[in-house]
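Undergrad: Provide a 3D model corresponding to the input given below.
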Amino acid sequence: RLDDNIVIKPTWETLTDKKDDDIVVEIDPGTAFGSGSHETTKLCISQLKKYIKKDTELLDVGTGSGILSICALLSGASHVVGTDLDENAIDAAHENAQVNGITSEQYKVLIGNLIDDQAIKDEVGYEAYDVVVANILADVIIALQEVVAVHVKHGGIFITSGIIDMKEQAVMDAFAKNPEFEVIDVLHQGEWVSIVTRRK
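TA: Coordinates of the predicted model:
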């Protein structure tokens, strides 16, 4: 149980304590990262819950098992595009989405690197997203924040995690130098940090 009403369960387990308003996400972690138990996943999900509305368009960079995309869709987002470098992640994300009743119209997964692959940038689209989430390493976030703003609507939200506390200042410094973003929220869990910014 991640928080008050999101429950992550492996596909092979049976849930005995489901409440009426619970959102149950079934995940088979398989070969892709993201089973829901890691602090950074929990940080991202709690941030997503703050910013997802019923018509939210979400971009999930480094979608992995698809857990954040699936939570967002089950929480009311209308459409998600996920990107990942790992072909195994693409398969895992599709399988996990299917198990949770999510269609390919709702969730599209692209293989490639949003930081430097022009074809992926074009396919993802520009000024198209209300919320972007990236639960990846701090160094990747530092590189990503330089290029991701063009994909976010003005006033849109960029949620980051996967940042170990000793790297928090480096990520904050990178955002401080970026005129596109202002930091609006910082959350800590254990030794992990989530930094949320808004595109100006």
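
Undergrad: C-alpha only now, for contacts and for neighbours.
TA: Fine.

Undergrad: Okay, buried residues for stretch 143-160 please.
TA: Residues of stretch 143-160 classed as buried by neighbour count (16 or more other CA atoms under 10 Å): 144-146, 148-154, 156-160.

Undergrad: can you give me the offset of it from its chain's centre?
TA: 12 Å (CA atoms, centre = their mean, to the nearest Å).

Undergrad: start to end distance for it?
TA: One end of stretch 143-160 sits 12 Å from the other (CA to CA, to the nearest Å).

Undergrad: I would like the residues contacting it, please.
TA: Residues outside stretch 143-160 that contact it (CA atoms under 8 Å, 6 or more residues apart in numbering): 44, 47-48, 51, 114-115, 124-136, 141, 174-175, 178, 180-181, 194-200.

Undergrad: Could you list which of those residues belong to helices?
TA: 44, 47, 48, 51, 124, 141, 174, 175 (DSSP state H).

Undergrad: Filter the buried residues of stretch 143-160 down to the ones in helices?
TA: 144, 145.

Undergrad: residues in contact with the most centrally placed residue in the chain?
TA: Closest to where the C-alpha atoms of the chain average out (CA atoms, centre = their mean) is residue 133, at 3.7 Å. Taking CA under 8 Å, 6+ apart, we find residue 133 in contact with 44, 58, 59, 60, 61, 158, 159, 160.

Undergrad: same check, this time on residue 60
TA: 68, 69, 80, 81, 82, 83, 132, 133, 134.

Undergrad: What of residue 49?
TA: 72, 75.

Undergrad: With residue 151 as the reference, measure out to it.
TA: 21 Å.

Undergrad: Residue 132 too?
TA: Noted for residue 132: a distance of 9 Å to residue 151, by CA to CA.

Undergrad: got it, and residue 77?
TA: In terms of CA to CA, residue 77 sits 17 Å off from residue 151.

Undergrad: Could you tell me which strands the longest strand along the chain is paired with, and in which direction each runs?
TA: Using DSSP state E, we find that the single longest strand of the chain is strand 152-164. Looking at strand 152-164 with DSSP bridges, its partner strands are strand 129-135 (parallel), strand 192-199 (antiparallel).

Undergrad: Now do the helix or strand that contains residue 72 and strand 129-135, the angle between them.
TA: Assigned by DSSP states H and E, residue 72 belongs to helix 67-74. Angle of helix 67-74 versus strand 129-135, following axes from the mean of the first three to the mean of the last three CA atoms, to 10 degrees, is 150 degrees.

Undergrad: And the contacts of helix 67-74?
TA: By CA under 8 Å, 6+ apart, helix 67-74 touches 23, 25, 27, 34-36, 41, 44-45, 48-49, 52, 58, 60, 63, 79-80, 82, 93, 96-97, 100, 102, 106-107.
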